[in-house]
Every structure is written in C-alpha cells, then in structure tokens.
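A.B. asks: need a 3D model of the following:
(one chain, ligands or ions: 2)
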Amino acid sequence: MTDRRGLLIILSSPSGAGKSTLARRLMAWDPTIRFSVSATTRAPRPGEVDGEHYHFLDEARFKTLVKEGGMLEHAHVFGNFYGSPKAAVQEAIDQGQDVLFDIDWQGAQQIRNSALGQHTLSIFLLPPSIRELHRRLRERGQDSDEVIAKRMQKSWDEISHWDGYDFVLVNEDLDATEAKLRAILTAARLRRSQQPDLTDHVRALQAEFEEMP
Ligand code: ADP
Ligand code: 5GP
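C.D. replies: Ligands and ions are numbered 1, 2, ... in the order given. Next up is the predicted model:
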C-alpha cells in the first residue's frame, strides 16, 4: 500500500512548442516520474532507440494491440498511428508513481474520458508566436522542410484544442515554464483523489479527538 496514487501527467502542444524538452527537464527534476513510451508505426528518426523513445511497430502489430484492448488511447497523427500501452501505466500508478505522456489532444481526450480520468493532470503548451514555433522547428534540425511544413499546417488543429486542458502555459522562457510545471505538479499531487490514505488519517484523528477528556 502506498500513501499516494500516481498521476497521469499529459503534456500536449503543437509540434515544436517544447513538450519533449520540458518532459526531459521535469524527469531530471524528479527521476521517480516514469515516461509512457508510446507505440508508433512511424519510422525511427536518427538517434531514436526502440523501447526508449517509442516502441516501433508495424501497422498489423499496432492494430492487434488495439483490438486486444492493450492501448489506453490511440490516434492517427501526421499519417501514422500512435498509442499509449496500458499495462505499464497501470502498474506505475498502482505503485504510486506518476506517468508522463507526450501525446496529442486526441489521446488526452481519451485518457480524460477513461476509467483513469480522475487521476489525470493535463497541461497544454502554447508557443509565444507562430513565427517562433516555426523557428524552433527549423532550429531543432530534425525534420526536412517538407515535414516542417506539414507540422506547421497541423499546428492550428492542435492549438484549437487548448481549452480542453487543466492548465495552459505559454512556453516563452524555458526556465520559467519549467518552474510553473513543477508548481502545478506539486499541487496536483496533493489533490484529495491522489491521497488514498487520507480517509484513514482523518478516522484516526477522529478517534483521538473522541478519546480526549
Ligand atoms: P516538441 O517536443 O513540442 O515537438 P521540442 O521540445 O523538441 O518540441 O522543442 C523544439 C525546439 O525548441 C528544440 O530545439 C528546443 O530546444 C527548443 N525550445 C523549447 N522550448 C524553448 C523555449 N522556451 N525557448 C527557446 N527554445 C525552446
Ligand atoms: P513525433 O512523431 O514528433 O514523435 O510525434 C508526433 C505527435 O504525436 C506529437 O504531437 C506527439 O505528442 C503525438 N504522440 C506521440 N505519442 C503519442 C501517443 O501515444 N498517443 C497520441 N495520441 N499521440 C502521440
């Protein structure tokens, strides 16, 4: 038994707004946070490691997993399938560990509406401007001009779902955004729903109260 239930921390944003960077920083700050390694049918990028950044699957295997109920959520993004495998998440939160998701708005919506919905903390990152979003995508240097153009085209679709999230941060200064993220997480961990032992504690306080002369 743990004194804390794990949170499902969802980070979404248009591509290039800073999700991966902030996810890395948050996990460096608190190494107990586990990253939900998504499954995807897209090809690995240079430097991406199977099982660490993603589980790279072919479409048939991905669809079988979905059919077997093995995905907490799944979506079609930029022409590929993406999904969050359920088993690892359930195990982590049962042990009181938080799980961080870098997923799009469709996945966020599905998790919020799932049985684990009450344990989610969803955060949306906005760029300071579209010009800056474009600059960050170019500067990241990971994608071809064609892929960057595709991501920019999709960015409005993602941004238009900003109002479905618990918190929205404009990621202008990286250190300031990280500090806000830490504060949000610290507060969310204290929600009543995340502290299953509170009922017992209050009962003990009541018993003590009643025994007082
Ligand atoms: P995402 O995961 O949302 O696609 P990344 O975390 O890969 O975005 O960030 C895209 C690029 O922008 C990276 O090169 C990253 O270093 C840079 N970046 C992220 N946040 C900021 C920020 N607040 N100011 C300047 N550059 C940033
Ligand atoms: P990328 O190909 O750049 O790694 O990711 C593309 C988009 O897919 C990002 O917006 C990312 O958040 C989203 N994504 C990654 N994994 C998942 C997932 O498991 N589920 C959903 N719904 N979206 C995901």
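
A.B. asks: assign residue 24 to helix, strand or coil.
C.D. replies: Of the three states, residue 24 takes helix under DSSP: H, G, I helix; E, B strand; the rest coil.

A.B. asks: pLDDT score assigned to it?
C.D. replies: Looking at residue 24, its pLDDT is 96.

A.B. asks: can you pull out the strands in the chain?
C.D. replies: Ranges of strands in the chain, per DSSP state E, are 8-12, 34-35, 38-40, 54-56, 71-77, 80-85, 99-102, 120-126, 167-170.

A.B. asks: JSON lines for the ones you listed, including mean pLDDT and mean neighbour count?
C.D. replies: Backbone N, C-alpha and C define where each C-beta goes, glycine included. As requested, these are exported to JSON lines (pLDDT from 0 to 100; neighbours: other C-beta atoms under 10 Å):
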{"stretch": "strand 8-12", "mean pLDDT": "98", "mean neighbour count": "25"}
{"stretch": "strand 34-35", "mean pLDDT": "96", "mean neighbour count": "18"}
{"stretch": "strand 38-40", "mean pLDDT": "98", "mean neighbour count": "20"}
{"stretch": "strand 54-56", "mean pLDDT": "97", "mean neighbour count": "17"}
{"stretch": "strand 71-77", "mean pLDDT": "96", "mean neighbour count": "20"}
{"stretch": "strand 80-85", "mean pLDDT": "97", "mean neighbour count": "20"}
{"stretch": "strand 99-102", "mean pLDDT": "98", "mean neighbour count": "23"}
{"stretch": "strand 120-126", "mean pLDDT": "98", "mean neighbour count": "22"}
{"stretch": "strand 167-170", "mean pLDDT": "98", "mean neighbour count": "16"}
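
A.B. asks: so can I have a markdown table of those strands showing distance to residue 64?
C.D. replies: A markdown table is the format used below for the strands of the chain (distance: least, C-beta to C-beta, whole Å):
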| stretch | distance to residue 64 |
| --- | --- |
| strand 8-12 | 24 |
| strand 34-35 | 24 |
| strand 38-40 | 11 |
| strand 54-56 | 13 |
| strand 71-77 | 11 |
| strand 80-85 | 12 |
| strand 99-102 | 22 |
| strand 120-126 | 27 |
| strand 167-170 | 35 |
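
A.B. asks: now for whichever residue of the chain sits closest to ligand 2, how many residues are close by?
C.D. replies: Minimum separation of the chain from ligand 2 (C-beta to the nearest ligand atom) falls at residue 107, amounting to 2.6 Å. For residue 107, the tally of surrounding residues (other C-beta atoms under 10 Å) stands at 24.

A.B. asks: who are the contact partners of it?
C.D. replies: Taking C-beta atoms under 8 Å, 6 or more residues apart in numbering as the criterion, residue 107 is in contact with 10, 12, 73-75, 82-84, 101.
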